[in-house]
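Undergrad: I'll drop the sequence and a predicted model, then ask my questions.
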Amino acid sequence: MHAFAALLDSLIYTRGRNAKLKLIVDYLHATPDPDRGWAMAALTGDLDLPGVKPAQIRALIEARVDPVLFRMSRDYVGDTAETVALLWPAPVVPPTPAAPLSISAAIDALRHLSRSDAPGVLAAMLDRLDAEERFALLKMATGGLRIGVSARLAKTALAQAFGLDVDVVEEVWHGLAPPYARLFAWAEGKGDQPTAANVPVFRPFMLAHGLEDAQVDLADYAAEWKWDGIRVQIVHVAGQTRLYSRTGDDVTASFPDVAAAFTTPGTVDGELLVKGEVQGGTLEDGGGAASFNALQQRLGRKQVSAKMLAEYPAFVRLYDILLDGDEDLRALPWTERRARLEAFVPRLDPDRFDISQVITAASFTELEAIRAGARDAAIEGVMLKRRDSPYVGGRRAGLWYKWKRDPLTADCVIMYAQRGNGRRSSYYSDYTFGCWTEEGELLPVGKAYSGITDEELRMLDSFVRRHTLARFGPVREVEKSLVLEIAFDSIHGSTRHKSGVAMRFPRIARIRTDKPAAEADRIETLRKLVT
């Protein structure tokens, strides 16, 4: 545990990508199995200890220190694991001397425990560890390390450590389980390469760079709509179907209707959507898709009721094909894969699958006008795909571009603020903002924390501290005098909010110190933008 704690501590304070890679590479070389495998599971988010819950950890610390002190400290530190690690008191009766606690020993002790037994076992471990080790154990137990290391970066480090191709590592990863003994045996030349044959494994998505202000030649690039759902990969092999999110998470249980309908051997890439009023249609007759707000009703559910399936029927609008049966098509140019996809789609259930249409435009200027006029609730923008591009994992310069539609904006008044997390834990960086009703009442319409510079963050933090009207735990109510220009992708009706509207991806575009709060936008104006 000590070596893993030292790794996490170093990663937190290391900025550069290459420096982070070296830290992980060195750790993998120096650490034996199965500890390094469990460490990789923690770094990639694949470690699951269902018996340990954040509420249990809060109960453990509040039984040992003043609960008010803990909550105030948590508010200041911004991270529960770090706060508990620092506040955890020395046990009244020192623990019996024992060998240092390893990662594998800790996981073996915790992963098969019930929720009722886990707190006592976890507390005994925390009594044996120092602050850094406690932090590592708690982060590992609860998931979500938040140390600036993505799953892709961790897998890249493993590939570098043993001279492997990271895309090959990605491809076999989801067919294996922690602590990845077969993977490390292959990496060290002690075993055969794990194979994905007859296993519905995840394959890395091809991703796109933002187009920014550039233009492309439509003779070289094809354009198609970028739909506003969640990107999924659907795999059917050996009688099994799996749905994977862009991060490789298995979301099959959340969408059993889609999984049951995909029975043709192959692997496809598409956008998971919920049907709108016009079902199965094209862009011209309504697109057939509801807004992302409808899809949210089904996201994250491990069990889906019959009522939910009926009220929010899901379907997938296909973008690409990776495998047709067991034939790997990824090396083919996009034009050939598109032809294969068009031949593949008629073999699927038309009630659950259709194809994303290519946009016909004579010039980039014409395409720009088409994009500007697209305000369908389910359209996020345009994709530009090089016609000769193979399907390769990750972002490759010059192959695919995403060209999101211009955001909508509204002038809103900041109403409440809360401290952030991580490096922002000392600042009030999360803001709730509102717009006016016709009667002059200010109602919340959204929350945002992104889009501002460090200098603007300090300015807003200072405003919050100087203009606080009331405190509600970690939240401060502020004087309703500062206007923020909020950019957002779309807006939807909402029965959960008193204002009746909910923004999609709100972020702060600028601070409007030049504009009186009374001149901020009206909720009625936002309602006219609802899609």
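TA: Cool, the structure landed.
Undergrad: what does stretch 230-246 rub up against?
TA: 174, 198-203, 205, 250-252, 254-255, 258-260, 262-272, 295, 299, 316, 322, 326 (CB atoms under 8 Å, 6 or more residues apart in numbering). For every residue, glycine as well, the C-beta is placed using N, CA and C.
Undergrad: buried ones among these?
TA: 174, 199-203, 205, 251-252, 254-255, 258-259, 262, 264-272, 295, 316, 322 (16 or more other CB atoms under 10 Å).
Undergrad: now do the contacts for residue 498.
TA: Per CB under 8 Å, 6+ apart, neighbours of residue 498: 443, 444.
Undergrad: swap in residue 412?
TA: Counting by CB under 8 Å, 6+ apart, residue 412 has contacts 433, 434, 435, 445, 446, 483, 484, 485, 486, 520, 521.
Undergrad: now go through those residues and say which are in strands.
TA: Using DSSP state E, the members of the contacts of residue 412 that fall in strands are 433, 434, 435, 445, 446, 483, 484, 485, 486.
Undergrad: if the fifth one is in a bridge, with which residues?
TA: The reference is to residue 446. Note on residue 446: beta-bridge partners by DSSP bridges are residue 433.
Undergrad: quick one: it and residue 409, what's the gap?
TA: Here residue 446 is placed at a distance of 12 Å from residue 409 (CB to CB, to the nearest Å).
Undergrad: in helices, which of the contacts of stretch 230-246 fall?
TA: Under the assignment DSSP state H, the contacts of stretch 230-246 contribute 258, 259, 260, 295 to helices.
Undergrad: of residue 446 and residue 409, who's got more company?
TA: residue 446 (24 against 13; other CB atoms under 10 Å).
Undergrad: how does the protein divide into domains?
TA: 206-404, 408-527 (automatic domain parsing).
Undergrad: indicate which one of the ones you listed is closest to residue 132.
TA: Minimum separation from residue 132 across the domains of the chain (CB to CB) falls at domain 408-527, 17.2 Å.
Undergrad: grab the nearest non-local neighbour of the spatially most central residue of the chain.
TA: By CA atoms, centre = their mean, the chain has its centre lying nearest to residue 247, at 7.3 Å. Nearest non-adjacent residue to residue 247, counting by CB to CB, 6 or more residues apart in numbering: residue 151, 6.8 Å away.
Undergrad: can you confirm residue 429 is in a strand?
TA: Yes. When DSSP: H, G, I helix; E, B strand; the rest coil is applied, residue 429 is found to be in a strand.
Undergrad: residue 106 and residue 138 touch, don't they?
TA: No. Assessed by CB atoms under 8 Å, residue 106 is found out of contact with residue 138, at 10.7 Å.
Undergrad: quick one on the thing from earlier: between residue 446 and residue 409, which contacts overlap?
TA: Shared contacts of residue 446 and residue 409 (CB under 8 Å, 6+ apart): 486, 488.
Undergrad: tell me, how many residues neighbour residue 118?
TA: Residue 118 has 22 neighbours, counted by other CB under 10 Å.
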